[in-house]
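Student: Turn this into a structure:
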Amino acid sequence: MKTSLASIAFLVLGVSLASAQYKAPSQYFRKDSPGINRNGGTNSYTHPDVPGTPGTPAAPARPASTDKPKFKDVSVNTQFYFANDTNRAFPWTKLTATTAKNAKGVTQPIKGETAIQR
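Tutor: All right, here's what the predicted structure looks like:
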């Protein structure tokens, strides 16, 4: 008797929890969002905060910046920082065209195309 009552309670509880969290894909988006509407056609409404047409960038993309200094552009015996050292905590000094030394005295080979900060 106890097992049948427990199994019925488990079945009822399990079925009710399994379907409680389902959302249809149409419920994920706002009603005025651009894209496919409920009738299968495309919405003609565009949100006022979104300039241009969907799929195009709002501002023209800047071309790849070529003015970033490279390791090969730094003169010998000049202090520099690597590009990912944003707070400039680890200074390096260029020794030769292909090597540099850090503040601890460790010398490492560095490729000429490596981006750096001065």
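
Student: When you work out contacts or count neighbours from here on, use the C-alpha atoms and nothing else.
Tutor: OK.

Student: Run through who's touching stretch 106-118.
Tutor: 68-73, 79-83, 97-101 (CA atoms under 8 Å, 6 or more residues apart in numbering).

Student: Using CSV, write out every CA atom in it.
Tutor: Extracted C-alpha coordinates of stretch 106-118, given in CSV (Å, rounded to 0.1, in the frame of the first residue of the first chain):
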residue,chain,number,x,y,z
VAL,A,106,65.7,36.6,-18.3
THR,A,107,66.5,36.9,-22.1
GLN,A,108,64.0,35.5,-24.6
PRO,A,109,63.9,35.4,-28.4
ILE,A,110,60.9,37.4,-29.7
LYS,A,111,59.5,37.4,-33.3
GLY,A,112,59.7,40.7,-35.1
GLU,A,113,56.0,40.9,-35.8
THR,A,114,55.0,40.8,-32.1
ALA,A,115,52.8,43.7,-31.2
ILE,A,116,54.2,45.9,-28.4
GLN,A,117,53.6,49.2,-26.5
ARG,A,118,56.2,51.9,-26.1
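
Student: That stretch: which residues count as buried?
Tutor: Judged by neighbour count using 16 or more other CA atoms under 10 Å, the buried positions of stretch 106-118 are 110, 115-117.

Student: which of the contacts of stretch 106-118 lies closest to Ala6?
Tutor: The closest of the contacts of stretch 106-118 to Ala6 turns out to be Ala83 (CA to CA; 63.9 Å).

Student: For Ser4, see how far away the closest one is.
Tutor: 68 Å (CA to CA, to the nearest Å).

Student: Specify which residue of those two has the higher count of neighbours.
Tutor: More neighbours surround Ala83 than the other of Ala83 and Ser4, with 16 against 9 (other CA atoms under 10 Å).

Student: Need the per-residue pLDDT for the more buried one.
Tutor: pLDDT for Ala83: 92.

Student: Show me which positions of stretch 81-101 end up buried.
Tutor: Residues of stretch 81-101 classed as buried by neighbour count (16+ other CA under 10 Å): 81-83, 91-95, 97, 99-101.

Student: Those in strands, which ones?
Tutor: Applying DSSP state E to the buried residues of stretch 81-101, the entries found in strands are 81-82, 92-94, 99-101.
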